[in-house]
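Q: only geometry, no sequence info:
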């Protein structure tokens, strides 16, 4: 185990030599049971829904070519890619990571022990949740971050096992909720980091504990009263079969695979197409029974300049019970 001073961390600045291309739009399909509304789906004219377990990465969809890609043969792809987002400041290219950044590996499972970015500390995203899958209290989260060596004044860069796993996005959303102003997602996977010749290691990195003083920012983790108020657009990112069985009234369904191509968040042009039916000047609440799914989509919305918060389907059920899937607003589509 290596014990380092936070400000002694050193990562060479080496230009990235490869970058994966962005993924095609996923398509929507019908599932068994439930009722369906054609207007209740983003990109409802295309293909196949997905389901995933909370601890599994969200798989990218297969489909048509995107309108624009960043070619892996172009070493300048990363800056152009970040510029494609209206709010690209919340993403960080690999070549811009510096020794002043605290790098957080948010991956679950055994990947950190096998290999991770040199000097990255490990905070699995599952450690941010309690045994029931709910986000821990602000006090518990602050203690966890402080013990890991993070203060609210730090510049934090987060990555997960893949950009499609939702692990890093969940950590990002929780850090923003606690008031972390300087936090970004790494634009690239560990494999891309290695391919660029950047340093990795297998031994644990421990940095001195810090005091984390939260300054909770409203509008990042939504509460029931706000969701109920009708002030926000509601996006359901659960598997489509669950959407068919019950939902928050007025929800629009979105398969999280629609924001991913080849394990990377799509570029700005393609995300604009995915979110084209959403109102830009009205806030959005993204909900699921798996925070990694909702965080992935909410972060993608924030990249595109939307005000997006995450919410829990279980919290809605606790207040109101399962929504009625037979609401007269919805019509049945095709065979079930």
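A: Thanks, I have it. All of these numbers come straight from a predicted model, not from anything done at the bench.
Q: From here on, just use CA atoms for contacts and neighbour counts.
A: Will do.
Q: buried set for stretch 273-283?
A: 274, 275, 278, 283 (16 or more other C-alpha atoms under 10 Å).
Q: got it, and stretch 197-209?
A: Residues of stretch 197-209 classed as buried by neighbour count (16+ other C-alpha under 10 Å): 198, 200, 203, 204, 205, 206, 207, 209.
Q: Output these as CSV; include the columns pLDDT, secondary structure and distance to residue 171.
A: Listed next are these as CSV, based on pLDDT from 0 to 100; DSSP: H, G, I helix; E, B strand; the rest coil; distance: C-alpha to C-alpha, whole Å:
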residue, pLDDT, secondary structure, distance to residue 171
198, 96, coil, 23
200, 97, strand, 21
203, 95, coil, 22
204, 95, coil, 19
205, 95, strand, 18
206, 95, strand, 18
207, 96, coil, 19
209, 98, coil, 19
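Q: Contacts only, for residue 148.
A: 121, 123, 206, 207, 208, 209, 210 (C-alpha atoms under 8 Å, 6 or more residues apart in numbering).
Q: which one of the residues you listed sits closest to residue 150?
A: residue 210 (5.8 Å; C-alpha to C-alpha).
Q: quick one: which helix or strand includes the closest one?
A: If you go by DSSP states H and E, residue 210 is not part of any helix or strand.
Q: what's the answer for residue 319, then?
A: Element membership for residue 319 (DSSP H and E) is helix 313-320.
Q: In contact with the nearest residue to residue 289 once chain neighbours are set aside, which residues?
A: In this structure, residue 289 finds its nearest non-sequential neighbour in residue 313, 5.2 Å apart by C-alpha to C-alpha, 6 or more residues apart in numbering. Neighbouring residues of residue 313 by C-alpha under 8 Å, 6+ apart: 287, 288, 289.
Q: Surely residue 219 forms part of a strand?
A: No - under DSSP: H, G, I helix; E, B strand; the rest coil, residue 219 falls outside any strand and is assigned coil.
Q: And it, how far from residue 126?
A: 22 Å (C-alpha to C-alpha, to the nearest Å).
Q: Pick out whichever of the two has more residues nearby.
A: More crowded of residue 219 and residue 126, by other C-alpha atoms under 10 Å: residue 126, with 22 against 17.
Q: Helix, strand or coil: sort out the more buried one for me.
A: Residue 126 ends up helix, using three-state DSSP.
Q: Give the phi and psi angles for residue 196, as a check.
A: Dihedral pair for residue 196: phi -80, psi 0, per degrees, to the nearest 10.
Q: So what's the residue count around it?
A: Number of residues near residue 196 (other C-alpha under 10 Å) recorded here: 18.
Q: Could you single out the nearest of the buried residues of stretch 273-283 to residue 140?
A: Residue 140 lies nearest to residue 283 out of those, by C-alpha to C-alpha, at 27.9 Å.
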